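Undergrad: quick one, fold the following:
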Amino acid sequence: MFQKVDPKTLDLNPFAAIGSQWMLITAGTPERCSTMTASWGGLGVLWGAPMAICYIRPQRYTKEFVDGSEFFTLSFFPQEYRPQLSLCGSKSGRDVDKVKECGFTVAAGAGNAPYFEQAGLVLVCRKRMAVPMDPALMPQDVKEKWYEDDYHTMYWGEIVEVLKKA
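TA: Residues are numbered from 1 along each chain as shown. All right, here's what the predicted structure looks like:
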């Protein structure tokens, strides 16, 4: 059972939760959604509101859903779901029903944004801005290490609802 909490009360370490434990970015509707694993992102305050930032490469199927939705979710899972997060990061929703493969149960947050009942923490975000990364502004070593002409789009989402497992 989830309870709504104020984002200011979270004791989440974003470096561990995003960079090491990973998260799922999910968008669409509870009836038709796409999800993907992400290990790049951030949390902070922008324009006086709690904000989440995530990055999606152009070839990812989930990008189509985030682009076409006003809301998206970032879901954080207990460690026992690591195999499911690995699957969601290595398979495309174009080819595999990841929700079914993982045994996830879809629920709806604010704005009818899809998330998964198995998560421990969900951030429901209202998309506020999407900006393609400009390779002309990147250091050469970053481009060489991380890119092959498939630069991410950066998404800023205002956190409108935080759901935490009780």
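Undergrad: and the closest residue to residue 56 other than its chain neighbours, what element?
TA: By the measure of C-beta to C-beta, 6 or more residues apart in numbering, the closest residue to residue 56 outside its immediate chain neighbours is residue 63, 4.5 Å from it. (Glycine included, C-beta is placed from N, CA and C.) Per DSSP states H and E: residue 63 is located in helix 61-67.
Undergrad: which SSE is the spatially most central residue of the chain in?
TA: Nearest to the mean C-alpha position of the chain, by C-alpha atoms, centre = their mean, lies residue 25 at 2.3 Å. Assigned by DSSP H and E, residue 25 belongs to strand 23-28.
Undergrad: how about low-confidence regions in the chain?
TA: Scanning the chain for pLDDT under 70 picks out nothing.
Undergrad: farthest from the middle of it: give me that residue.
TA: Distance-from-mean max, the chain, by C-alpha atoms, centre = their mean: residue 140 at 27.0 Å.
Undergrad: still on that earlier bit, got the CA positions of the strand holding residue 25 in PDB?
TA: Extracted in PDB, the C-alpha atoms of strand 23-28 (Å, rounded to 0.1, in the frame of the first residue of the first chain):
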ATOM      1  CA  MET A  23      15.000   3.600 -11.700                       C
ATOM      2  CA  LEU A  24      12.300   3.000 -14.300                       C
ATOM      3  CA  ILE A  25      11.000   5.800 -16.400                       C
ATOM      4  CA  THR A  26       7.400   5.100 -17.400                       C
ATOM      5  CA  ALA A  27       4.900   7.000 -19.600                       C
ATOM      6  CA  GLY A  28       1.700   6.500 -21.400                       C
END
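Undergrad: residue contacts, the residue nearest to the centre of the chain?
TA: 35-38, 54, 56, 62, 66, 72-74 (C-beta atoms under 8 Å, 6 or more residues apart in numbering).
Undergrad: out of those residues, who's nearest residue 87?
TA: Within the contacts of residue 25, proximity to residue 87 (C-beta to C-beta) peaks at residue 37, which comes in at 8.3 Å.
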